[in-house]
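Colleague: return a 3D structure for these sequence lines:
(2 chains)
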Amino acid sequence: MFCALHIPDFPAAAVIRIEPDLRPHPVAVLEGTPPLLRVCAMNEAARCQGVEAGMMKMEAEALPGLALRRRSPAAEAAAEAALLDCAHAFSPRVESIASDTVLLDAAGLERLFGLAAQLAQQIADRAALLGFEPNVAIAQNREAAIHAARGFSGTTLIAAGEEARCLGTLPIDVLFAGPDASGLPNCRTAELPNWHATENPSEGHGFSRAENTASPSALAAGVRGSRARSQRKPREYREAPSFDVKRRNNEAPPDAQFFIETLDRWGVHTLRAFAALPTVAVAERLGQEGVRLQKLARGEGSTELVAAEPPLHFAESMELEHPVELLEPLAFILSRLLEQLCARLSARALATNELRLTLTLDSAVRDEETEPSPPRRGDAEKTHSDCHSERSEESAFQFGSSAIRQFGNRSSVSLRLCGGSFSRTLKLPTPMLDARLFLKLLQLDLKQHPPGAPVVKVELTAEPVKPQVAQHGLFQAASPEPEKLHLMLARLEGIVGHANVGSPELLDTNRRDAFAMKPFHTEDQNPPRRYRGAEKNRVVAAPPRDDDSASVSLCLRGGFSSLAIRIFRPPLPAQVTVRDQQPTCVSCTGDGSRAPVSGDIAWASGPWRSSGDWWTLTSAPHRDTCETRYTREEWDVSIATAEGDALYRLVHDLEEGCWLLEGMYD
Amino acid sequence: MPYIELHANSAFSFLDGASLPEALAGVCAERGLPAMALLDRDGVYGSPRFHHAAKKTGIRALIGSEVTIRDRQNSPQRHRGTEITNSKSQRTSVSPCLCGEFFRLPLLVANRAGYQNLCRLVTRMKLRAPKIPIDSRPETIAAATLDEVTDYANGLICLTGGDEGPLAAALARGGMDEARLVAEQLVRIFGRENVYVELQRHFDRAEEMRNRALIEIARSLGLPLVATNGVRHATAADRELADVLTCIRTHNTLETAGRLLARNSERHIKSAAEMQQMFADLPEAIAATEEIASRLEFTLADLGYEFPRYPVPDGETMMSFLRKRVDEGMRERYSTRARVTGSSHLWTRAKRQIERELALIEKLGLEGYFLIVWDIVQFCRREGILAQGRGSAANSAVCYSLGITAVDPIGMDLLFERFLSEQRGEWPDIDLDLPSGDRRERVIQHVYERYGKLGAAMTANVITYRGRLAAREMGKALGFDAETTGRLSAMVGSFEYQDPNDTLERHFHEAGYDLRHPRMRKFFELCLAVQDLPRHLGQHSGGMVICQGQLDSVVPLEPASMPGRVVVQWDKDDCADMGIVKVDLLGLGMMAVLQDSIGIIRDSYGDQVDLAQIPPDDPAVYDALCKADTVGMFQIESRAQMSCLPRLRPKRFYDIVVQVAIIRPGPIVGNMVNPFIQRRLGREPVTYPHPSLEPVLERTLGVPLFQEQLLRMAMITAGFSGGEAEELRRAFGFKRAEARMSDVEKKLRAGMTHNGICGESQEAIIHAITSFALYGFPESHAASFALLAYASAWLKTHHLAAFTAAMLNNQPMGFYHPATLVKDAQRHGLRVLPIDVLKSDWLCTLERIHSPRSHEDTKQDDGKWQMANGKNSFVPSCLRGEDFAMRLGLRYVRGLREESAQALVAARRMRPFASIDEIVRRVPELRSTELTTLAEIGALNSVASGQWPVVSQASQECHPELDRRGGRAEGSLPDPEPPHIAELANPFIPAETWAPKRATSQFGNSNSASPRLRGESTFHRRDALWQIARSTRRSGPLLDEYDEPDTASPLARMTAEERLVADFHGTGLTVGSHPMRYRRAALDAQGVVRAGDLERLPNGRRVRTAGCVICRQRPGTARGFVFLSLEDETGIANAIVTPDLFDRNRFLLVHEKFLLVEGPLQNLDGVISVKVERLESLNVTAAETSSHDFH
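Modeller: Okay, here's the model as predicted:
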């Protein structure tokens, strides 16, 4: 006996689970990138209000009282995990069918939970506690249970031998629900079931319905199904193909469309009609896959459940008697936990490529003085991170760079009551199993990203992976051990910041000095170098910059000499006097590492003008990203200083209206 | 020091320039530049427009071109060792010059020889390569070689170009030495005095570095420097559009284009002061621009075009030969009529007029032109191709005598000056209508053969950015996904009329997009900015240019997409502006229909129809016209025409001429339609704007309807000569001649004042003339079209089957979809048989059927079949004596390739098919999807039905149309499913009369009774689908030869709705019942009146009617009113929607397929329409009916 648990309108359900206040209201979930947001899922209340998949955001906004939410992969992942938890609470043998559907082996559960109806009720109740409104179906084989859960709303019990009869009214499409049917259900109902004659297994009918309604989504699909013929490809062209159509096209198995269309042409719209076709004739026409599908339509199915292997979980934690405020004592604790973790991993011949540290912070304290750190230059160009931090959902803290000092100097910290946790994740380039190395890396990381409050609990989780076994070639050049390299990089990041470590890579744009920091990879890890917008046939070697190429070219051919430039990062703000549209005098205060520059301009070459990205946003919130238009004039100027003439590059940023000293020619 | 821009690209460099030539000329004049050279890429595409724009703005238009050169000697392969590849260039798939071996050579035309050389050089390189490069293979890219340039260098001045020029390429490839070599090579080719080292400054370091190298090279070789700005757009603001065009050209988005985009916005037209400031260190480079410009003597005014001579026999001149041909024709055309009528007046007038015309032709040296057109017409006659001149040529008695036109200008008193005038200084324009398709192509190829590939070419058609194309490509460039782009482009365009609230903002909002979003706003701006910019060069539908000698020395030629076609680089307006004479060989669908109809009549009935001999006053034809029963008839089938016909009540041929001309924007905007109709109906007295105009306007009751009348009005009232009057017409009608228009108007007013016509009369005349400005027919043209209209009406009235088959075989054409044509034909009593693989050919054909009634019976009916219920009594006499039905052709099976269909037909002719399995085996060309569609539409039913002859006796009694021999006999068994049987029985009988039991529900209980009892074959569409599914999965070669008999399937028969959906999906139409018939019972209950019953209701009665929307119109002349045509099983109802109602129900009106409308009936003078006050959508069927929208 199997029990299937299905959450209809999963993306919407996942959102409502987080915001239970929304439950009685119409809710639609949007997908896409602004300004092209479309509705991808909705709850029943929204459906009744006329919301349809594929609707544009503005159209949806016009509907009164409709709550709109963006689709949340995190919420869906959490919902999926919760669904699995719910199933595991009843049976150890659980199979994850899709994000929105789980199956559990219900054999023998009657001793614990009573009859099937009672079991189903308890499962539904527990799911409700988790914030779901599930469909629950119990049947003698797994497929029948899955199909019933997907097709019928509420609770469905199917007695042995009654599968064909019970499932007969379901639409054919239910057979082709994709493996990841997390969106709208992929079913159309040609013939809606009449549930008014509720049957009860105890009465000998072998089929019971706790609710007298078909699945709302199936009902909605049924409306579409009444126009089934016009929905078939290619005839089904509509201006805005709905989400479910796209999903079916994208996610249904390649042959599914063929089967759906063929059966539709044959006028076979329900499982019952399909089941009634002669098997040999079906085999002749649809092959063995057709026969298999027909078996499913007849309610026949396998009794095997592919139980989800509970993932190996390597976690160690320690609750501290007294809050720890300094890094050093924390390191002792970390060391202990790491040794245990490594020992456990070693016992299973595993290593780890990801360590997650979660610190529960003392709810009584908080750093009041720290402010959110401003986005740093270059962050926008960060394309990938080897090591990243993430705040847990509960954490409301933000930490600034000054926190490193504050963490070690309690006297400078003023505290107040608050609660939360702090977590850091170390992603390692290769699987490792070295407790000392891990400790060092964590120490470096915590120095750079201090938690900001005393720690009351430490938890370490390791992602188990197979250890890397590789033999270096005999003639292979020696390269640093990955562990050492990673340690070195971590140290460097601790000094210069995460965004400033990696391999700079020029972007394919006319924007001056646009580059991205790519993470270092070992030789065998290097992916093909791609550039912004690189397309299938555009994986090319790094294109030389136009200006550089020309100068290099001429230089090579023996025409002229060329100069090297040291770019100031960041450029230095400058005060410039302009006469006759030419800069005549510069004054720049310099910074800690560079001396002030000031003096009359003896000679200027320019302006060299560049502008671009005119199609991008210009509003202030986006100023810190690369996605802003730029208009600038560059001047190569010779400034007379006490040490003699020096050549600088002076930039007039016309968008910002400021002058910058960008670099110095050697 | 003056500066002249010598290097500019317009938008006619196709996606490599962002401003029209007119914009360039305008900005050029604005910034005080005395001249500018337009160097479009690989051609002189924009030169005519630039020439005229420059003339208008008072600058000199210099001509040149950037020619793509492929230098194999300097290919990257040869320089592998030292190559620094411009990898940015390599990524462009369509910019050849950016690759190592290609560069672009700017060439300026110094004199006519240079222009001819440039044209020949471009022609040579263009004709060598395909129109579109194949996979960017270098050899398929149109490029000249330096050897070819050497051959054509005379008269050309060479600049060294900017970043795409030869020196930039050489510098990148091999540095200074290489560049010096290339410069020396150019000097050898063009001569030292004709090579200028070009410097451009766009505030770019790399460019300046290159400039330094170029200066050094120039000085070392003693070559002069010249400054240009490499203009790509008129103003700095246009740079954004230029970037977008770059993206489109290189198949990128703005995000991915990277450094393919412009570095800054400096490639715009700069003033002399700006350029002087930029080149302050090199004043000689600025001075050189003036020097070069002074050497460029050539302008397009000096084109040197000469029309070809016609080869005549020895001892003849072209004129004498023409005179003989005209004389022969005149005798044939006029003397016979003069003899018959006994009047010599016509003969005398004709002779006098022809002599006058010939004298003018001789004076203008146009005899060759007339002979060439005559020769084409002769070719058509020999080949049996219908050909008829249209347009102003019909004003010429010479054309009539030569057989070029079919309208007698003497008899109709047409104005010759409208065709040809000495003062006008323009070539005449003769348009020949030919049957569209292969026959027209034969004529075109004949012209190519006769005058040579370089002596004749098609005129181009410049494809410009408009509504949807603009939206689609701008969306792509901005990186919108395909779905969004499609959605955005779908909402652009729409109706001809745009009310003030019809803003794009509103459309965006309604489609769910927010224009406040910056990117959406940018999309919107770009869509507006790109309007009217050329996208690429197409081919005009029929304009041919013929030249004495080599056409390629007048304008460059290039290959068209269609194999065997060559086009010139100018469109027809440009050709006309440049004084190049052209012959329009236009494909006219109706000509093909007429010719095909004649062929079908000959083949089926054995009758030979001669269009010249059809009776001109056939009462049946005029009856049909008076009833506006004109679906399918040429020019008089539109809704507007139909609403006019019952009021105009044509009784003679000239009425049709008026009818054709009156529903045009000119007369409508000029408020001439109603006065004419009121006068014709005697409700208004006939008056004239001035007594002197009575002779001119008498025929049209004092209302000017034709262009000739306006010319004559000008001649009489303002004393214009014929040429001046024609100039006036052109001035008003010519979209680029506002100044000319006001000049002529002044002249007109002055002339009228001089003749004493002032005040209201003068204003009325001026208003009448200006109303015609845009669209009004010349009388001769209307007469030519009226001939075709009458012929089509006569054929439809007397040979409905053949005419309908020909119409369906020449789709798309006309105003209505095939589904509407079929329904109309059925309502007129034509039996339309469904597609059947055992009967259908590729085209629609006629099939002899066994008439349910004897010949004598039908005769007794006086041309009308009395229907069972007597309600629908109109069946014209066309069916009398006809025992033919029309069989739908396989061309209507969607997705069926012609080669498959022809293979099927060929196999069937060898031996009929006995089973579906046999079809699959014997016609391997048929794909499974094609077979499935055939099965789905019932085209395979009869194959298997042959195995089971099951049509019952009972059914034959009910439906005597069914063949008594069991359904397999010739022409007897259509799709044996209920609706088709019903159609065969009588398409006019309401559903309840032929199947009362089935009218109980929307689609009836068609499956309730056994098929046998219902008189159907037991083999149905789903049986065929079942069989196909098996037959297309072959068991293997061993058993291939053994056909499986068709067996019954366990599948349910399709319901009526399913059959409708399948029919519309598979063929776009149904020969079964109209979808509305299935809803009739429910609609009757709602009080919905059938379209056919509206005529019996009084004016003003509030009615409800409903139907399938077959046409939606919102004409520009109707002030926002929308006109709907709703079709039901009895006919077509017209509905008028006010702008307010349209505004409130836009979505319903634009998207719904079936509508129910309610409002007062307007039934005046036989014109029936419902003024809609309320409307709702109607759920009738999911079938994909289609509507002809947005005219």
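
Colleague: so what's the residue count around A:Ala307?
Modeller: 15 (other CB atoms under 10 Å in any protein chain shown). Where C-beta positions appear, they are placed from N, C-alpha and C, glycine not excepted.

Colleague: tell me the predicted confidence for residue 476.
Modeller: In the absence of a named chain, chain A is used. At A:Gln476, the model reports a pLDDT of 67.

Colleague: actually it's chain B I care about, not the one you picked
Modeller: So B:Lys476 comes in at 91 (pLDDT).

Colleague: list the contacts for it?
Modeller: Neighbour list for B:Lys476: B:247-248, B:253, B:485 [criterion: CB atoms under 8 Å, 6 or more residues apart in numbering or on different chains].

Colleague: can you do 10 Å?
Modeller: Neighbouring residues of B:Lys476 by CB atoms under 10 Å, 6 or more residues apart in numbering or on different chains: B:244, B:247-248, B:251-254, B:482, B:485, B:489.

Colleague: for B:Thr717, same thing?
Modeller: B:689-690, B:692-693, B:696, B:748, B:751-757, B:761-762, B:765-766, B:769.

Colleague: and with 6 Å instead?
Modeller: Residues near B:Thr717 by CB atoms under 6 Å, 6 or more residues apart in numbering or on different chains: B:752, B:755, B:757, B:765.

Colleague: which SS state does the third one fall under?
Modeller: This points to B:Ile757. Under the three-state scheme (DSSP: H, G, I helix; E, B strand; the rest coil), B:Ile757 adopts coil.

Colleague: that older thread, are any of the contacts of B:Lys476 buried, and which?
Modeller: Buried members of these, scored by 16 or more other CB atoms under 10 Å in any protein chain shown, are B:244, B:247-248, B:252-254, B:485, B:489.

Colleague: quick one: secondary structure of the closest residue to chain A within chain B?
Modeller: Chain A sits closest to B:Gly175 of chain B, with a gap of 2.0 Å, by CB to the nearest CB. Of the three states, B:Gly175 takes helix under three-state DSSP.

Colleague: equivalent analysis for B:Ile1110, please.
Modeller: On the basis of three-state DSSP, B:Ile1110 is classed as strand.

Colleague: quick one: it from B:Gly1092, how far?
Modeller: Counting by CB to CB, to the nearest Å, the gap from B:Ile1110 to B:Gly1092 is 15 Å.

Colleague: looking at those two, which is more packed in?
Modeller: B:Ile1110 (24 against 18).

Colleague: surely that one is in contact with B:Asp1128?
Modeller: No - look at B:Ile1110 against B:Asp1128 with CB atoms under 6 Å: they stay out of range, at 10.3 Å.

Colleague: what parts of the stretch 351-500 of chain B come near chain A?
Modeller: B:484, B:487, B:490 (CB under 6 Å from any CB of the partner chain).

Colleague: name the nearest residue to A:Ala67, sequence neighbours excluded.
Modeller: Closest residue to A:Ala67 apart from its sequence neighbours, by CB to CB, 6 or more residues apart in numbering or on different chains: A:Val27 at 4.7 Å.

Colleague: the one you found: neighbouring residues, count only.
Modeller: A:Val27 has 25 nearby residues by other CB under 10 Å.

Colleague: now do the same contact list for residue 307.
Modeller: Assuming you mean chain A. A:Ala307 touches A:93, A:95, counting by CB under 6 Å, 6+ apart.

Colleague: actually it's chain B I care about, not the one you picked
Modeller: By CB under 6 Å, 6+ apart, the contact set of B:Phe307 is B:368-369, B:548, B:581.

Colleague: relative to A:Ala89, which of these is nearest.
Modeller: Ranked by distance to A:Ala89 (CB to CB), those are led by B:Val581 at 90.4 Å.

Colleague: distance-wise, check that closest one relative to B:Ile546.
Modeller: Distance, B:Val581 to B:Ile546, using CB to CB: 7 Å.

Colleague: so how far is chain B from A:Trp659?
Modeller: For A:Trp659, the distance to chain B equals 17 Å [CB to the nearest CB, to the nearest Å].

Colleague: so that residue makes contact with A:Val576?
Modeller: Yes - at 4.3 Å, A:Trp659 and A:Val576 qualify as touching, with contact defined as CB under 6 Å.

Colleague: tell me which of those two has more neighbours.
Modeller: A:Trp659 (24 against 20).

Colleague: what helix or strand is the more buried one on?
Modeller: Using DSSP states H and E, A:Trp659 sits in strand A:658-665.

Colleague: which elements pack onto that strand?
Modeller: strand A:565-579, strand A:644-653 (3 or more CB pairs under 6 Å, 6 or more residues apart in numbering or on different chains; DSSP states H and E).

Colleague: hmm, try it at 8 Å
Modeller: For strand A:658-665, the packing partners by 3 or more CB pairs under 8 Å, 6 or more residues apart in numbering or on different chains; DSSP states H and E come out as strand A:565-579, strand A:582-588, strand A:644-653.

Colleague: can you tell which of those strands is closest to B:Thr1105?
Modeller: Here strand A:644-653 is closest among the helices and strands packed on strand A:658-665 (CB to CB), at 67.7 Å.

Colleague: who does that closest one pair up with?
Modeller: When pairing is defined by DSSP bridges, strand A:644-653 lines up against strand A:630-641 (antiparallel), strand A:658-665 (antiparallel).

Colleague: can you redo the ones you listed as JSON lines with mean pLDDT?
Modeller: Below are those laid out as JSON lines (pLDDT from 0 to 100):
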{"stretch": "strand A:630-641", "mean pLDDT": "89"}
{"stretch": "strand A:658-665", "mean pLDDT": "90"}
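
Colleague: for A:Ser153, which of the ones you listed is the nearest?
Modeller: Minimum separation from A:Ser153 across the strands paired with strand A:644-653 (CB to CB) falls at strand A:630-641, 55.2 Å.

Colleague: show me the contact partners of the closest one.
Modeller: With CB under 8 Å, 6+ apart as the test, strand A:630-641 has contacts from A:511-512, A:582-583, A:586, A:597-613, A:645-655, A:662, A:665, B:203.

Colleague: which among the residues you listed count as buried?
Modeller: A:511-512, A:583, A:586, A:597-599, A:601, A:604, A:606-613, A:646-652, A:662, B:203.

Colleague: which of the contacts of B:Phe307 are buried, as a ChimeraX select command?
Modeller: To isolate the buried ones among those in ChimeraX, judged by 16+ other CB under 10 Å, type:
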select /B:368,369,581
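
Colleague: what is the neighbour count of the residue of chain B closest to chain A?
Modeller: Neighbours of B:Gly175 under the rule other CB under 10 Å: 20.

Colleague: what's the spacing between it and B:Asn211?
Modeller: Taking CB to CB, one finds B:Gly175 at 15 Å from B:Asn211.

Colleague: equivalent analysis for A:Ala462, please.
Modeller: Relative to B:Asn211, A:Ala462 is positioned 62 Å away (CB to CB).

Colleague: these two: which is more packed in?
Modeller: Per other CB under 10 Å, whichever of A:Ala462 and B:Asn211 has more neighbours is A:Ala462, with 26 against 22.
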